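> coords please:
(one chain, ligands or ions: 1)
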Amino acid sequence: MEKNDPPKRVIINFTKKCVLNCKWCYVPFDQKDISEERLISVIERVSELGFSSVTFGGGDPFQFRGLAPAIIKAKELGLFVHVDTHAITLSKSKENSYLIDNYVDLIGLPLDGSTDKVHDLMRGRIGHYDLIIDKISWLRNHEVLIKLNTMISSVNEFDLVNLGELVQRIQPDRWSIYQYWAVGPAVKALSNHMLEKDAFLESIRRLNCKAIDGVVVEINSSESRRGTYPILNHLGDVHFHHEYPINEFQYVGSIFEREISSKMDDLCSGERKQAVSRYYTTNKLVN
Ligand code: SF4
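This next block holds a predicted model:
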């Protein structure tokens, strides 16, 4: 692997469970309980190791009642806070509004089709498209950058141009388009969702990203993501995408191990250039 900079961000996945069951999901769910104290310790350790950004990711962070203290701790430690959510458990409460306005820099929501038919098929849940559109409009009244995340596979690639027109109307701050990536549990979706890199890039060419005004569009082929950041679970176990076999995760160790920093540096090829600007566009200051 080509060496570059050490990793600057981590993703922390809540691997206990998720209420959605996206067939192409790469998160290895394990039913392990989540504790607020442990999660705070993981955040403190991430900061101590010199990371500058943390992404709270799926299963859904808002399923966990102790999320707010963890987010607040991350912000107090000066980390850029990014939260990805399927938005089902993101209630429109005053508490969530306060948390998002004051402690979250970037929030990501999925949008995998230009219609309910396409999106709900990708997410395996009727009504999810309508829920996402509703939550986007709620989030627009908050002090947070909004990122839409689209997973493109052979099932929805025909819809990408229409989706681009919808994104143009929604005007999020950023649109991240990901090629389906057969890694970890996502391998089981290979027969239905496989999309070769050339076909993915051809879809992107038809989309014509330059015609989408006012939105930063980020194109992520599956290989561009390999080895660019450590993936933690809520207990602090660190994984990287394996170089070989290419469809597996590699367990690196616990974030609390003394040598974990050098192990991660050895495996990381540095942030991919498409994603760099995500984490430096804003950073809310804590009073
Ligand atoms: S992709 Fe996200 S929303 Fe879907 S099952 Fe995985 S964690 Fe849940």
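> does the residue in the stretch 151-287 of the chain that the ligand sits nearest to have beta-bridge partners, and which?
Here the stretch 151-287 of the chain gets closest to the ligand at one residue, Met151, 7.7 Å apart by Cβ to the nearest ligand atom. Every C-beta, even on glycine, is put in place using the N, C-alpha and C of the backbone. Residues in a beta bridge with Met151, per DSSP bridges, are Tyr178.
> kindly report the same for Glu218.
With DSSP bridges as the rule, Glu218 is bridged to Ser176.
> His119 is in contact with the residue of the stretch 151-287 of the chain closest to the ligand, correct?
No: taking contacts as Cβ atoms under 8 Å, Met151 lies outside contact range of His119: 10.5 Å.
> residues that sit against both of those two, list them.
110, 112 (Cβ atoms under 8 Å, 6 or more residues apart in numbering).
> show me where the chain has its strands.
9-13, 53-57, 80-84, 106-110, 145-152, 174-179, 216-220, 231-233, 237-241, 249-254 (DSSP state E).
> just give the number of residues close to the residue nearest to Ala70 when sequence neighbours are not counted.
For Ala70, ignoring the flanking residues on the chain, the nearest one in space by Cβ to Cβ, 6 or more residues apart in numbering is Leu39 at 4.7 Å. Neighbouring residues of Leu39 were enumerated by other Cβ atoms under 10 Å; the total is 24.
> quick one: contacts for Leu39?
12, 64, 66, 70, 234.
> repeat for Val167
111, 148, 175, 212, 215.
> tally up the residues packed near the residue lying closest to Asn162 once chain neighbours are set aside, please.
In this structure, Asn162 finds its nearest non-sequential neighbour in Ser114, 3.8 Å apart by Cβ to Cβ, 6+ apart. Using other Cβ under 10 Å, Ser114 is surrounded by 19 other residues.
> state the distance from Ser114 to Arg205.
Relative to Arg205, Ser114 is positioned 18 Å away (Cβ to Cβ, to the nearest Å).
> same list (the strands of the chain) but as JSON lines, adding distance to Ile34.
Conversion of these to JSON lines gives the following (distance: least, Cβ to Cβ, whole Å):
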{"stretch": "strand 9-13", "distance to Ile34": "10"}
{"stretch": "strand 53-57", "distance to Ile34": "11"}
{"stretch": "strand 80-84", "distance to Ile34": "15"}
{"stretch": "strand 106-110", "distance to Ile34": "20"}
{"stretch": "strand 145-152", "distance to Ile34": "23"}
{"stretch": "strand 174-179", "distance to Ile34": "26"}
{"stretch": "strand 216-220", "distance to Ile34": "28"}
{"stretch": "strand 231-233", "distance to Ile34": "9"}
{"stretch": "strand 237-241", "distance to Ile34": "13"}
{"stretch": "strand 249-254", "distance to Ile34": "16"}
